[in-house]
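>>> any chance you could fold what I've pasted below:
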Amino acid sequence: GGWAAVLDALRPGMRWLGGDRLQVNLHANPPREISGAELLFVPVTPQRHGWVSWDQGERYAVVYPCAGVLTDGPVTSVPTGLGTLLGDARARILVLLDSPMSTTQLVALTGQGLGSVGRHLRVLLDARLVRRRRAGRSVLYYRSAAGEVLVTAQRG
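Got it, this is the predicted structure:
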């Protein structure tokens, strides 16, 4: 279906009308004329709804919820004792690190802000419960042997 089908699926009421016209919602407003304007697609997580933004007719942004592996997120339960010891947010990060992940992936999975995830990782690193390694441009975090013992002991 091409771009028209993509736009139709991004949010309710949005449709490409052809001829440089974009309908952005279900209201009876006239469609937006976007001829010559930039059209940006901005994925966000963990949002459930999209929206459209514009800047004086020169630039339009279609903001839409992400779909896929990182947005669905694994179902992770934090053992009560581990949550009490570390705090629920920090314990969830430790539990999620059963495979190496970047800070960006952890932000997507937890819904926490980048700064919060970074602070939690710093505390876990200082406690030697996680380790990190570079993989290209990314830094991947993973549980250390001590972190693995702590998580495994709480699950048993």
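
>>> test my guess that Leu39 contacts Trp54.
No - when contacts are counted by CB atoms under 8 Å, Leu39 is not listed as touching Trp54 (9.9 Å). Every C-beta, even on glycine, is put in place using the N, C-alpha and C of the backbone.

>>> where do the contact lists of these two overlap?
Overlap of the contact sets of Leu39 and Trp54 (by CB atoms under 8 Å, 6 or more residues apart in numbering) consists of Tyr60.

>>> where along the protein do the helices fall?
For the chain, the helices defined by DSSP state H occupy 2-10, 69-72, 80-86, 88-96, 103-110, 114-126, 145-155.

>>> what angle sits between the fifth one and helix 114-126?
Angle of helix 103-110 versus helix 114-126, following axes from the mean of the first three to the mean of the last three CA atoms, to 10 degrees, is 110 degrees.

>>> would you map out the domains in this protein?
3-65, 80-153 (the TED database).

>>> check contacts around the residue of the chain positioned farthest from its centre.
Largest separation from the mean C-alpha position in the chain: Gly19, at 33.5 Å (CA atoms, centre = their mean). By CB under 8 Å, 6+ apart, no residues touch Gly19.

>>> that one and Leu129: what is the separation?
For Gly19, the distance to Leu129 equals 58 Å [CB to CB, to the nearest Å].

>>> closest to the centroid, which residue in this structure?
Nearest to the mean C-alpha position of the chain, by CA atoms, centre = their mean, lies Ala108 at 3.0 Å.

>>> right, and Val139 touches Thr103 too?
Yes - with contact defined as CB under 8 Å, Val139 reaches Thr103; the gap is 7.1 Å.

>>> ok, now which ones touch Gly113?
Counting by CB under 8 Å, 6+ apart, Gly113 makes contact with Val107.
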